[in-house]
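Enquirer: how would this look folded up:
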Amino acid sequence: MTDNFEILLQQFEEKKTKALPNSVVEGTIIEITKDFVMVDIGYKSEGMIPIDEFKDELVAEIKVPLIGEKIRVFLYRDEDDRGNLVLSKAEADKLEVWSVVNEAFESGSTISGLVTSKVKGGLQVDIGIKAYLPGSQIDLRPIRHLEDLIGKTFEFKVIKVNQKRGNIVLSRRALLEKEREEMKVTTLRRIEEGQIVDGIIKNLTDYGAFVDLGGIDGLLHITDMSWGRVNHPSEMF
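Expert: Presented below is the predicted three-dimensional model:
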């Protein structure tokens, strides 16, 4: 009986000490100090994660976890010089975001992101990790003041991914084009010759105004703007 117990105990200890380096595992928070969070992932020793890894970058505040709370962590290696497991919450979060990004890229689904700053040629977007939104992919038409979009959240399509280089390229225009095409089909089914419709002035030229009727533009010629003489459409609209 004693021999069997010792065998079982040995197997249990071997299971606990079996490491899974370079992988994401689930752990339980067992202690919180001023500088570290102690996490038990079911191995012989625990791991310490710097408290800074629990910082929410959007609000620049550390969201202190709770003892007993379960979290996903990345296991770098078995033990450091002090005998503790080398863990990282930030790396686990990053890998899980990459998984979502790759899935969105493969499936063509959208991903939500917050515009954080203006960078060369476009905008930087936070989707859990940094992503790039080129100026040509922001809207259907050029936007003069990109700063006005900072702090706003949009849906994006992932159009390019390079995980080795850490590059993610987004497009908002692709979604707007799809939406506009759907509106165009609906509008063409709805409008008829001789019908009075509402529209939004999208562009003015010397010879008239282009009016958005809902996914499709119509031209209002300068000669049809008024019974009187109009020198330029800007006098009317």
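Enquirer: could you pull out the helices for this structure?
Expert: For the chain, the helices defined by DSSP state H cover 2-17, 89-107, 173-190.
Enquirer: and those helices, which one's lowest on average pLDDT?
Expert: Mean pLDDT values for these show the minimum at helix 2-17, a mean of 51.
Enquirer: and the closest residue to Val230 other than its chain neighbours, how many neighbours?
Expert: Once flanking residues are discounted, Val230 sits nearest to Ile222: 5.5 Å by Cβ to Cβ, 6 or more residues apart in numbering. The C-beta positions use only the backbone N, C-alpha and C, and glycine is treated the same way. Neighbour count of Ile222, defined by other Cβ atoms under 10 Å: 20.
Enquirer: can you pull the contacts of Ile222?
Expert: Neighbour list for Ile222: Asp206, Tyr207, Gly208, Val230, His232, Pro233 [criterion: Cβ atoms under 8 Å, 6 or more residues apart in numbering].
Enquirer: Try it again at 6 Å.
Expert: Taking Cβ atoms under 6 Å, 6 or more residues apart in numbering, we find Ile222 in contact with Tyr207, Gly208, Val230, Pro233.
Enquirer: Could you report the pLDDT at the closest residue to Asp93 other than its chain neighbours?
Expert: The shortest distance from Asp93 to any non-neighbouring residue, by Cβ to Cβ, 6+ apart, is to Gly128 (6.9 Å). Predicted confidence (pLDDT) at Gly128: the value is 88.
Enquirer: I'd guessed Gly128 sits against Leu95; true?
Expert: No. With contact defined as Cβ atoms under 6 Å, Gly128 does not count as touching Leu95 (10.4 Å).
Enquirer: Tell me the spacing between Asp35 and Lys94.
Expert: 22 Å (Cβ to Cβ, to the nearest Å).
Enquirer: Gly194 now?
Expert: From Gly194 to Lys94 the distance is 59 Å (Cβ to Cβ).
Enquirer: more neighbours, those two?
Expert: Between Gly194 and Lys94, counting by other Cβ under 10 Å, Lys94 is the more crowded of the two (15 against 5).
Enquirer: what sits against the residue positioned nearest the centre of the chain?
Expert: For the chain, the residue nearest the mean C-alpha position is Ile127 (2.4 Å; Cα atoms, centre = their mean). Contacts were defined as Cβ under 6 Å, 6+ apart; by that measure Ile127 touches Ile111, Gly113.
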